[in-house]
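A.B. asks: Just need the structure, nothing else, for what follows:
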Amino acid sequence: MSKRYKQLIEKIEADKAYSVTDGSDTVKSLTSAKFDETVEVALNLNVDPRHADQMVRGAIVLPHGTGKTVRVAVFAKGAKADEAKAAGADIVGTDDLVAQIKEGIFNFDVVVAAPDCMGLVGQIGRILGPKGMMPNPKTGTVTPDVATAIKNVKGGQVNFRVDKKGNIHVGIGKASFEATQIAENLTSLLQAINKQKPASAKGRYIKNAALSLTMSPAVKLDVLELADIK
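C.D. replies: From the prediction side, this is the model:
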């Protein structure tokens, strides 16, 4: 363990479960890298994603964005393609975009698709899926309103989805954000995740939660407080 990391650990009370406000203040104090670190939240939910009715998945536009510049590729044709270009899409295409992806060229971060192009997107599902880029109606990335989808993605939309062990990891900002901005982004994310609580999930929904920076130790959050964020 490096001296720097030990110094950061000393700033965290070992047995304390921090509130959203205190946790945001504390994680901001852990800034130590030479770049603008990402603020990340890690949650462990009491769900079994192997059951379809316990899959927790969705999207939320964070009030203060993510601090990242997001490049958007859009599958659209005709008037929808024009709408996408006007809304600020970085790449708009159909067959040409499919060919580019098959060649392994990924000069974008998020994919949006008009519904009438999903047949094309299906051809590259096995490529986009593992990268977490497959458009999906649940995250608002398959929609006839491509302009709004582009606005949301570029404005700070984050997607969340539990993995096989019930974990969710989401970047919710940058170390350069004010602590209040981190707290408000975290609150918005938790509201969205709490709304997705499956009716079949029994007991405590959020089992563990922590906030951290790219290069920092984790700050444990108070799961009882998080469960009350509606």
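
A.B. asks: Dig out what the spatially most central residue of the chain forms beta bridges with.
C.D. replies: In the chain, the C-alpha nearest the mean C-alpha coordinate belongs to V158, at 3.3 Å (C-alpha atoms, centre = their mean). On the basis of DSSP bridges, V158 takes part in beta bridges with I60.

A.B. asks: and it, how far is that from I193?
C.D. replies: V158 sits 11 Å away from I193, going by C-beta to C-beta, to the nearest Å. Where you see a C-beta, it was placed from the backbone N, CA and C, and this is true even at glycine.

A.B. asks: ok, now M55?
C.D. replies: 13 Å.

A.B. asks: Residue ranges in this protein under the pLDDT threshold?
C.D. replies: Counting by pLDDT under 70, the chain contains no low-confidence range.

A.B. asks: Just to confirm, which residue in it is farthest away from the center?
C.D. replies: K3 (31.4 Å).

A.B. asks: Might you report the residue contacts of that one?
C.D. replies: If a contact means C-beta atoms under 8 Å, 6 or more residues apart in numbering, then K3 has no contacts.

A.B. asks: got the residue ranges for the strands in this structure?
C.D. replies: Defined through DSSP state E, the strands belonging to the chain, from first to last, are 38-45, 57-61, 72-75, 91-93, 110-113, 157-161, 167-174, 206-213, 219-220.

A.B. asks: Throw those strands into TSV and include distance to V27, thanks.
C.D. replies: Supplementary listing: the strands of the chain in TSV, determined by distance: least, C-beta to C-beta, whole Å:
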stretch	distance to V27
strand 38-45	6
strand 57-61	19
strand 72-75	29
strand 91-93	34
strand 110-113	26
strand 157-161	17
strand 167-174	10
strand 206-213	5
strand 219-220	5
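
A.B. asks: Which among those strands is found nearest to S32?
C.D. replies: Proximity to S32, assessed across the strands of the chain by C-beta to C-beta, is greatest for strand 206-213 (8.0 Å).

A.B. asks: how near is the residue nearest to I182 when sequence neighbours are not counted to G78?
C.D. replies: Nearest residue to I182 in three dimensions, chain neighbours excluded: S24, at 4.1 Å (C-beta to C-beta, 6 or more residues apart in numbering). Remark: distance between S24 and G78 (C-beta to C-beta) = 45 Å.

A.B. asks: okay, those two: which has more neighbours?
C.D. replies: Neighbour comparison, S24 and G78: the larger count goes to S24, with 28 against 10 (by other C-beta atoms under 10 Å).

A.B. asks: For the more buried one, give me its contacts.
C.D. replies: Residues touching S24, when contacts are defined by C-beta under 8 Å, 6+ apart, comprise 179-180, 182-183, 186, 211.

A.B. asks: With I124 instead?
C.D. replies: Counting by C-beta under 8 Å, 6+ apart, I124 touches 98, 101-102.
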